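*Asks:* All I have is the shape, not the residue letters:
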C-alpha cells in the first residue's frame, strides 16, 4: 500500500456518507441541532486525541493486529488478549452495521423507489437476502481480488469527498428553507417524542451528550491503517499519517455535512418523526438526475466502506491467529499463495457479520455496540503506553508527540471512556452492558483455562 492507500482504507471505513447519514437520527432525536453540531465537534476532538496517541504507538510498532500487539508490548499479554477480543468484536459489529445500514435506508428507502420498486412490503427475508448478497460480494473481492479491492478503496477516498461536497451544494441550491444558524446552537429535547430513538429524559446534559454517539459511531475504524501496516510501504511514517488524516478530514467534511442536514430540514420535529426516512425526504428537493447520481455515489461509498472494514477485520483475525490467540489458529492464519489474502479469516469475518444482523431491528445495537467495543480497545493500548512511557518504553518511531505525549494520552483515555459511558446509556444499556460483561468474563475464563500458556503475545523480534 502507498501512503494514500493506507489513508484511504481508514477514510473509507470511517466513511461519513455511511455513519454520518445512518446515525444522524441518533443525535437529532436527542437534542436537535445542538446535539448534532456540538456533538459532532466534541466527538471529533475526542476521536482526534485518541488518534494522535494511537498514531504515536503505531509509529513505534507498525504491525498487523496493531492494537493488541501494542497492549501486549506496553502492558502485558493478558491486556493484549483482552484488547484483541474487544477489538475483534467491535470490528465484526462494525462490518455488520455497515451492511445493515447499506440495506436501510439506502437500498430500501432510496434506491428501490428511485427505480420504481415498491419496497413497502419488504420484510426480514428481503433484509437478510440483500445483506447476504452484499457481504458475499465483499468477501469474494477480498479473497480473489486484493489488488482490485485496494484500487476500489483508493477511489473511494476521492469518491467520498466528491459526493459529500456535491450533496451539501445540491441541498443548499435546492432548499427553500431560510438559513437559520440558531438551529445549530439551540438544544431541543426530542427524547420521548414520536420517532425519537431515546426514552424521555429531563436531564438536559445527558440529552446533549447523547448526540456524541453520531460522531462516535461515524468516526470509528481509523485503526484500519494500523491493521494493514504490514502491507504498507514505510509503515512507521505512513501509518500515523493515515490514522490522523482520516480522522481530521472526516471530522471537517462531516461537520459541514451534518450541519447542512439540520439547516435545510423544513421542520426538525418532522425530521425526528421520519427516523431514517429523513434523508430520503431531504433528497426529494433535488432534481431526479442529480439525485440519482448522488444515490449511486452514496451506495458505492457505503459498499466500499464494507470492503475496507472486511479488509481491516480479516487482517486483525489473521494476526491474532498467527500469534495463537484464536481457536482453529492453524486454519485462520492461512494465506492464499496467489492473492496473499488471509482467506479463512475473510470468510469467517463475513459469516460472523451476517450472523450479527439476524435481529430484525439491529442497527441501533450494532452501531452503538461497535463504537463501545472499538473505543474500549483503543483506550487499552493508550493507557498501557501512558504507564510504560519512561519506564520500559523509550524507543519511539518517526512520529513522536514529545512532551505532549502523556497529556494527550491521558485526555485520549478519558475522552474514549466518556464515549463508552455515553454509549451504554438507555435504551441499549441492558444489551451492551450485558455484552461487555459476558465478553470480558468469557475472555478471562478462556485465558484462565490455559490459553495464557499458548498465547505468547506478538513476537518481539
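*Replies:* Structure's in. What do you need? Remember, it's a predicted structure, so these values are computed and weren't measured experimentally.

*Asks:* next structured bit after the one helix or strand residue 274 maps to?
*Replies:* Using DSSP states H and E, residue 274 sits within helix 268-274. Once helix 268-274 ends, the next helix or strand along the chain (criterion: DSSP H and E) is helix 278-283.

*Asks:* what's next to that next one, contact-wise?
*Replies:* Helix 278-283 is contacted from outside by 21, 24-25, 28, 105, 109-110, 113, 171, 261, 264-265, 271-272, 274, 291, 294-295, using Cβ atoms under 8 Å, 6 or more residues apart in numbering. Every C-beta, even on glycine, is put in place using the N, C-alpha and C of the backbone.

*Asks:* among these, which are in helices?
*Replies:* Filtering the contacts of helix 278-283 for membership in helices, criterion DSSP state H, returns 21, 24-25, 28, 113, 171, 261, 264, 271-272, 274, 291, 294-295.

*Asks:* So for these, which is the shakiest by pLDDT?
*Replies:* Among the ones in helices among the contacts of helix 278-283, residue 113 carries the lowest pLDDT, at 83.

*Asks:* burial measure for the closest residue to that one other than its chain neighbours, as a count.
*Replies:* Spatial nearest neighbour of residue 113, excluding adjacent residues (Cβ to Cβ, 6 or more residues apart in numbering): residue 119 at 6.9 Å. The number of residues packed near residue 119 is 15, by other Cβ atoms under 10 Å.

*Asks:* My understanding was that residue 119 contacts residue 109; is that so?
*Replies:* Yes: between residue 119 and residue 109 there is a contact under Cβ atoms under 8 Å: 7.3 Å.

*Asks:* if we can go back for a sec, weed out the non-buried ones from the contacts of helix 278-283.
*Replies:* 21, 24-25, 28, 105, 109-110, 171, 261, 264-265, 271-272, 274, 291, 294-295 (16 or more other Cβ atoms under 10 Å).

*Asks:* how close does the nearest residue to residue 340 once chain neighbours are set aside sit to residue 140?
*Replies:* Computed as Cβ to Cβ, 6+ apart, the closest residue to residue 340 that is not its neighbour in sequence is residue 146, at 6.5 Å. Taking Cβ to Cβ, to the nearest Å as the measure, residue 146 falls 11 Å from residue 140.

*Asks:* Centroid-nearest residue for the protein?
*Replies:* The chain has residue 220 as the residue nearest its centroid, 3.4 Å off, counting by Cα atoms, centre = their mean.

*Asks:* and the nearest residue to it once chain neighbours are set aside, how many neighbours?
*Replies:* When the adjacent residues along the chain are set aside, residue 220 lies closest to residue 374, with 4.7 Å between them (Cβ to Cβ, 6+ apart). A count of nearby residues for residue 374, using other Cβ under 10 Å, gives 28.

*Asks:* list the contacts for residue 374?
*Replies:* Shown in contact with residue 374 (Cβ under 8 Å, 6+ apart): 86, 87, 90, 91, 94, 220, 221, 223.

*Asks:* Let me know the closest of those residues to residue 34.
*Replies:* Using Cβ to Cβ, residue 220 comes nearest to residue 34 of these, at 22.5 Å.

*Asks:* doesn't that closest one fall inside a helix?
*Replies:* No: assignment of residue 220 by DSSP: H, G, I helix; E, B strand; the rest coil gives coil, placing it outside any helix.

*Asks:* where along the stretch 251-400 of the chain do the helices fall?
*Replies:* When assigned using DSSP state H, counting those that start in this stretch, the helices of the stretch 251-400 of the chain occupy the ranges 268-274, 278-283, 288-322, 329-332, 343-356, 363-388.

*Asks:* TSV for those helices, including distance to residue 211?
*Replies:* As requested, the helices of the stretch 251-400 of the chain are arranged in TSV below (distance: least, Cβ to Cβ, whole Å):
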stretch	distance to residue 211
helix 268-274	13
helix 278-283	15
helix 288-322	22
helix 329-332	39
helix 343-356	25
helix 363-388	13
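
*Asks:* least reliable of the ones you listed going by mean pLDDT?
*Replies:* The minimum mean pLDDT among those belongs to helix 329-332 (a mean of 74).

*Asks:* contacts for that helix?
*Replies:* 317, 318, 320, 321, 322, 326, 342, 344, 345, 348.
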